[in-house]
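>>> Give me the fold of what follows.
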Amino acid sequence: MARVTKKLDAASFQLKDQVVSINRVTKVVKGGKNMSFAALVVVGDPSAAVVGFGSGKAKEVPQAIRKGIEAAKKNLMRINLTQTTVPHTVLGRFGSGMVLLKPAPEGTGVIAGGAVRAVMTSAGIQNVLTKSIGTTNPHNVIKATFDALKKLKSREHVAELRGKSVEEL
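Okay, the predicted model is just below:
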C-alpha cells in the first residue's frame, strides 16, 4: 500500500531553518587542492508539523547553506502528531543508522542528540524520547529519523485499517 503524498508548498508555511552540519571537502587536482563546503540543513514549521531536509554544496559556507535550504523546501513532509508528541513508538532505519522515537508525557521536552534534535524541534514535536543507534553520520541519522517519522500513523488511520471507530481503540 503506497501512500500518495502530494507536494507541500513551501510558501504557505513559516519555515525556520537549522544547520545540522557543515563539512569541508577538499578535492585534489593537478594544480593543487580545491576547497568546497557541504551543508546539511533541516527546515520546518513547528505550528504546522511540517519538516524537510536538504544538502547543498558550494565554494562558500553561506551559499552552501542557501542551496541546502532550497533543497529542503522541495521535500517537505507533514507528520502525524498527537498534541505535542509522537502517537506511538517507532524505529526508523537508513543504512547502518537506526533512530528510535518514543512518545513522552507533557513536560518531558525533547530528549535527543544532535541531528535528531534538529528534526524534532523543526517539526514542532515538544515531548519525545529518542535514541540514535548505529552510525553517527548526520546524513544517515537524519534519513533514519525521516524514515521513522514517515512510519507514524494517526489514530484515525489505524482505526480505519482495523475497521473500528477511533473510540474503540
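>>> who does the lowest-mean-pLDDT helix or strand in the chain touch, helix- and strand-wise?
In the chain, the helix or strand scored least confidently by mean pLDDT, DSSP states H and E is helix 155-162, which has a mean of 74. Judged by 3 or more CB pairs under 8 Å, 6 or more residues apart in numbering; DSSP states H and E, helix 155-162 is in contact with no other helix or strand. Yep, even glycine has a C-beta here, placed from its N, CA and C like the rest.
>>> Now it: buried residues?
Neighbour counts over helix 155-162 (16 or more other CB atoms under 10 Å) mark A159 as buried.
>>> how does the protein divide up, domain by domain?
Annotated domains of the chain cover 10-77, 80-168 [automatic domain parsing].
>>> Compare these and say which comes out lowest on pLDDT.
Mean pLDDT per stretch puts domain 80-168 lowest among the domains of the chain, at a mean of 84.
>>> In contact with the closest residue in space to D45 that isn't next to it in sequence, which residues are there?
The spatial neighbour of D45 that comes closest, neighbours along the chain excluded (CB to CB, 6 or more residues apart in numbering), is F13 at 3.9 Å. F13 makes contacts with D45, A48, V50, L76, as judged by CB atoms under 8 Å, 6 or more residues apart in numbering.
>>> before we move on, the earlier item: got the CA positions of the least confident helix or strand of the chain in CSV?
C-alpha atoms of helix 155-162 as CSV (Å, rounded to 0.1, in the frame of the first residue of the first chain):
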residue,chain,number,x,y,z
ARG,A,155,-5.3,7.1,15.3
GLU,A,156,-7.9,7.6,12.6
HIS,A,157,-5.8,5.7,10.0
VAL,A,158,-5.2,2.8,12.4
ALA,A,159,-8.9,2.6,13.2
GLU,A,160,-9.8,2.6,9.5
LEU,A,161,-7.3,-0.2,8.8
ARG,A,162,-8.8,-2.3,11.6
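>>> picking that back up, any chance of the contacts of F13 in CSV, with distance to T108 and neighbour count too?
Compiled in CSV, the contacts of F13 are given as follows (distance: CB to CB, whole Å; neighbours: other CB atoms under 10 Å):
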residue, distance to T108, neighbour count
D45, 22, 21
A48, 22, 17
V50, 22, 22
L76, 26, 23
